[in-house]
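Asks: here is the input, now give the coordinates:
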Amino acid sequence: MFRAAFIPRTNPTFFTAPGVVAALLGLVLSTVGIADEKAPAADTGLLPLEELRTFTRVYDHVRNGYVDQIDDAKLLEYAIKGMISELDPHSAYLDKEAFADLQASTSGEFGGVGLEVSLDEGFIKVVTPIDDSPSAKAGIMSGDIVIRIDDKPVKGMDLNKAVNLMRGPKNSPIKITVMREGVDQPLDFDLLRDIIKVQSVRTRVLDKDYFYIRLAQFQLDTGRDVAKKLREQLKKNPNTKGIILDLRNNPGGVLQASVEVVDAFLDGGQVVYTQGRLDNSNIGYNAEAGDITNNLPLVVLINDGSASASEIVAGALQDHKRAVIMGTRSFGKGSVQSVIPISNDRAIKLTTALYYTPNGRSIQAQGIEPDVDVERVEITAIQKGPNTTEADLARHLGNSKGGQESTSKDRANQRISSAELLKEDNQLHEALNLLKGLHIFIQSSPLAAAATDAEVVPEIAPDIVVQPKLPADTNRE
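Replies: Predicted structure coming up:
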């Protein structure tokens, strides 16, 4: 959720060229006041006089002595960008194009290669490729360092400028060069830009009774979409046995959407709270009563591309012991950015708070540690030859209870399906197996046994039939 503070506008005032520096200094001093040159200004709210003098001297030298003449408006914009770029990797000045791009990415459609990136010590680092985007299809991975765009070095480049270089019309070519850990030489990727339509929520059913939800990004409607998909699935199959929530390579997005996603799985309780210097930065977010899934077993998949809002969801469900978190440690972005418009088409994206999980944990620069650590690896199943089963034998007896027979062909098809999932995504395969185990455990627990009215007779041995006792007045022969 973006919280915007609007600044009232006044009619513009123009200064002649010789008076620009003096007017700038006078405006700053009259607005915020000055501190004594020797007194610390950090706790007083006053600006240090000597540093202001230094700024105006530098401004004057650049304005008059730089090899190319640059107008004052552009110089002041550069000063603003420089100030904000030194704060942290996620704060930024948004000019007209950057502001429009941010609004487009929040709504879910823009033109480019589909990379979520951040600034890391002067380098452009890939947080995650967006699902089904040109970069994802080409094989660019989380953690890759972009070193060139169309053979132009990007080290030290402003993040917004690098993003703008990657944006462009559909089908226009672009070359992205990255360095990857464990690979000695740079990797070149020749891509064609496309319209990036971020489909936030995708679902499918695994093994008939297990519901898989993939969240690619947290957009304005993500929470409502998740709740809708869950209700539709549970109505269609009331016997759904478990849910997998896949947050891998999800860079985050709208804070309120993450709260709404957690709300779908919690029966009330705190989801997240934020703390900052301003009063309106100290906010707590809570789930409403009522778990849509009625406490179905839940596994959440994360990796090092899961950031921000993804970590809010994983952290809340982990603290409430509502889900098993599986995968690898998440990205570790525990800060909240507010987009503050400063004009009709410009804004600043400013880090205004840190967020904390319900148990008071900070994720910043640490990430969410999974309950079950599973690396993404390539696994090949050992191929087994066809085995004969009882159902394959001629003149075999049928199942007296009407159960479906299981031939060697049936079992081979089941193994192929399982092996394909294992080869395609071993983490998802492990999550599904864990859900199956949780379902069995819950069904066999004392609470589950007490919930049924039927008398449960323990099985003594698989091949021994225990006859029920006969009534006392029954005749025997």
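
Asks: show me what contacts E97?
Replies: 160, 164 (C-beta atoms under 8 Å, 6 or more residues apart in numbering). C-beta here means a position set from N, CA and C on the backbone, and glycine is covered the same way.

Asks: does it lie in a helix or a strand, and which?
Replies: helix 96-107 (DSSP states H and E).

Asks: pLDDT on that helix, on average?
Replies: For helix 96-107, mean pLDDT rounds to 72.

Asks: beyond it, next helix or strand please.
Replies: Counting by DSSP H and E, what follows helix 96-107 is strand 109-112.

Asks: and that next one, what's buried?
Replies: 110-112 (16 or more other C-beta atoms under 10 Å).

Asks: with just CA atoms, put it into PDB.
Replies: What follows is strand 109-112, C-alpha atoms only, in PDB (Å, rounded to 0.1, in the frame of the first residue of the first chain):
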ATOM      1  CA  GLU A 109       1.300  -4.200 -17.700                       C
ATOM      2  CA  PHE A 110       4.300  -2.500 -19.300                       C
ATOM      3  CA  GLY A 111       6.800  -3.000 -22.100                       C
ATOM      4  CA  GLY A 112      10.200  -4.400 -21.500                       C
END
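
Asks: where are the low-confidence patches of the stretch 251-400 of the chain?
Replies: Confidence mapping of the stretch 251-400 of the chain against pLDDT under 70 gives the ranges 381-386.

Asks: er, the stretch 51-200 of the chain actually
Replies: Residues of the stretch 51-200 of the chain that meet the cut-off, pLDDT under 70, sit at 104-109.

Asks: mind jotting down where the helices sit in it?
Replies: Applying DSSP state H, counting those that start in this stretch to the stretch 51-200 of the chain gives helices spanning 72-85, 96-107, 134-138, 159-166.

Asks: turn the ones you listed into CSV, columns for distance to G284.
Replies: Compiled in CSV, the helices of the stretch 51-200 of the chain are given as follows (distance: least, C-beta to C-beta, whole Å):
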stretch, distance to G284
helix 72-85, 28
helix 96-107, 23
helix 134-138, 36
helix 159-166, 31
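
Asks: out of those, which gets nearest to Y355?
Replies: helix 96-107 (18.4 Å; C-beta to C-beta).

Asks: can you give the domain ranges for the chain?
Replies: Here the domain parsing of the chain from automatic domain parsing is 19-90, 109-197, 201-373.

Asks: ends of the last one, what's the gap?
Replies: The reference is to domain 201-373. 25 Å (C-alpha to C-alpha, to the nearest Å).

Asks: same check, this time on stretch 324-338
Replies: 31 Å.

Asks: now the strands for the stretch 151-300 of the chain?
Replies: Counting by DSSP state E, counting those that start in this stretch, the stretch 151-300 of the chain has strands at residues 152-153, 173-179, 187-192, 194-197, 201-206, 210-215, 242-246, 269-275, 283-287, 298-302.

Asks: winner for burial among the ones you listed?
Replies: Comparing these by mean neighbour count (mean count of other C-beta atoms under 10 Å), strand 298-302 ranks first with a mean of 27.

Asks: pairing partners for that one, with directions?
Replies: strand 242-246 (parallel), strand 324-327 (parallel) (DSSP bridges).

Asks: right, and the helix or strand after that strand?
Replies: Following strand 298-302 in sequence, per DSSP H and E, is helix 309-319.

Asks: residues in contact with that following helix?
Replies: 215, 218, 245, 247, 250-255, 257-259, 261-262, 265-266, 270-272, 298, 300, 302, 306, 323, 325, 330-334, 355, 357-359, 361, 363, 367-368, 371.

Asks: what's the closest non-adjacent residue to V62?
Replies: L75 (6.5 Å; C-beta to C-beta, 6 or more residues apart in numbering).

Asks: residues contacting the one you found?
Replies: 59, 62-63.

Asks: kindly supply the ChimeraX command isolating those of the residues you listed that are buried.
Replies: To isolate the buried subset of those in ChimeraX, counting by 16+ other C-beta under 10 Å, use the following:
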select :59,63
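
Asks: if we can go back for a sec, out of the buried residues of strand 109-112, which is nearest to Y285?
Replies: F110 (27.8 Å).

Asks: is that closest one bridged to anything, and to what?
Replies: Here F110, judged by DSSP bridges, has bridge partners I196.

Asks: how much space separates S306 from R248?
Replies: Distance, S306 to R248, by C-beta to C-beta, to the nearest Å: 6 Å.

Asks: between the two, what contacts are shared?
Replies: G327.

Asks: neighbour count: the two, which is higher?
Replies: Legend: neighbour count by other C-beta atoms under 10 Å for S306 and R248, higher for S306 (35 against 24).

Asks: please name the nearest non-neighbouring residue to that one.
Replies: Per C-beta to C-beta, 6+ apart, closest to S306 is S330, 4.3 Å.

Asks: pretty sure that neighbour sits against S308.
Replies: No - look at S330 against S308 with C-beta atoms under 8 Å: they stay out of range, at 9.4 Å.

Asks: dump the strands paired with strand 298-302 into CSV; add distance to Q69 as well.
Replies: Converted to CSV, the strands paired with strand 298-302 look like this (distance: least, C-beta to C-beta, whole Å):
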stretch, distance to Q69
strand 242-246, 54
strand 324-327, 54
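
Asks: I124: which of those strands is closest?
Replies: strand 324-327 (24.8 Å).
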